[in-house]
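Visitor: my questions concern the predicted model and sequence given below.
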Amino acid sequence: MPHQLLPVMEFFDRGGPVLVAVLLTSILLWALILERYWFFFFTYPKQLDQIITIWEQRTDHTSWYALRIREGLIADMIIASKKYIVPIQAIISVLPLLGLLGTVTGMIAIFDVMNIFSTGNARGMASGISRALLPTTAGLVASLVGLYFSSDLVHRATTLTDRARDRLQV
């Protein structure tokens, strides 16, 4: 193993298995967030152009039937733009809970050390404190950063849907 990875391995060892769970959950969160940005910057404009082309090829834009088609096209864009938003928000809610799980497991480790060695083993207690604080901090930081990007994605979805509605002229 390269010596550059040793500090990382030590960090995750101090944080315990819950820190690894926070890392894996954060990776999933970022994969979903990056997918949404890819969609908004590259896929959405193409889909919008296709829908506008479909709408503009229609000769009738004012009948009841035409307005229902317009609503359906807009609904398709809303569904496409809000895909994965709910899972992103759910993961953001789960990350602090994983951090709390880290706190609980770290406190249990501290109590185990205190039970075996009384309060005289500072190194053992420090290990439990690391196991309690690192996952908590990581879960909160990942959640806060994810919350910012989640809000931005919701705002983008709403704004782009409104623009699509405006471009589909009646």
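Guide: Perfect, I can see it now. Here the structure is a predicted model, which is why all the values come from computation and not from measurement.

Visitor: from what I can see I51 touches L73, true?
Guide: Yes. I51 is within contact range of L73, at 4.9 Å (criterion: C-beta atoms under 8 Å). In short, each C-beta sits where N, CA and C put it, glycine included.

Visitor: common neighbours of those two, please.
Guide: Residues touching both I51 and L73 by C-beta atoms under 8 Å, 6 or more residues apart in numbering: L168.

Visitor: pLDDT weak spots in the protein?
Guide: 1, 118-121, 124 (pLDDT under 70).

Visitor: which helix runs longest in it?
Guide: helix 122-167 (DSSP state H).

Visitor: what helices or strands is that one leaning on?
Guide: helix 6-15, helix 17-38, helix 44-57, helix 64-81, helix 85-117 (3 or more C-beta pairs under 8 Å, 6 or more residues apart in numbering; DSSP states H and E).

Visitor: and the contacts of stretch 97-116?
Guide: So stretch 97-116 is contacted by 15-19, 21-22, 25, 121, 124-125, 127-140, 143 (C-beta under 8 Å, 6+ apart).

Visitor: for ChimeraX, write a command that selects the buried ones of the residues you listed.
Guide: This is how ChimeraX selects the buried members of these, with burial counted by 16 or more other C-beta atoms under 10 Å:
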select :15,16,18,19,21,22,25,124,125,127,128,129,130,131,132,133,134,135,136,137,138,139,143
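
Visitor: run the angle between the longest helix of the chain and helix 64-81 for me.
Guide: Orientation of helix 122-167 against helix 64-81 (axes from the mean of the first three to the mean of the last three C-alpha atoms, to 10 degrees) gives an angle of 160 degrees.

Visitor: measure the most far-flung residue of the chain relative to its centre to A75 for me?
Guide: Most distant residue from the mean C-alpha position of the chain: T59, 42.7 Å away (C-alpha atoms, centre = their mean). Going from T59 to A75 by C-beta to C-beta, to the nearest Å gives 22 Å.

Visitor: thank you kindly, that will do.
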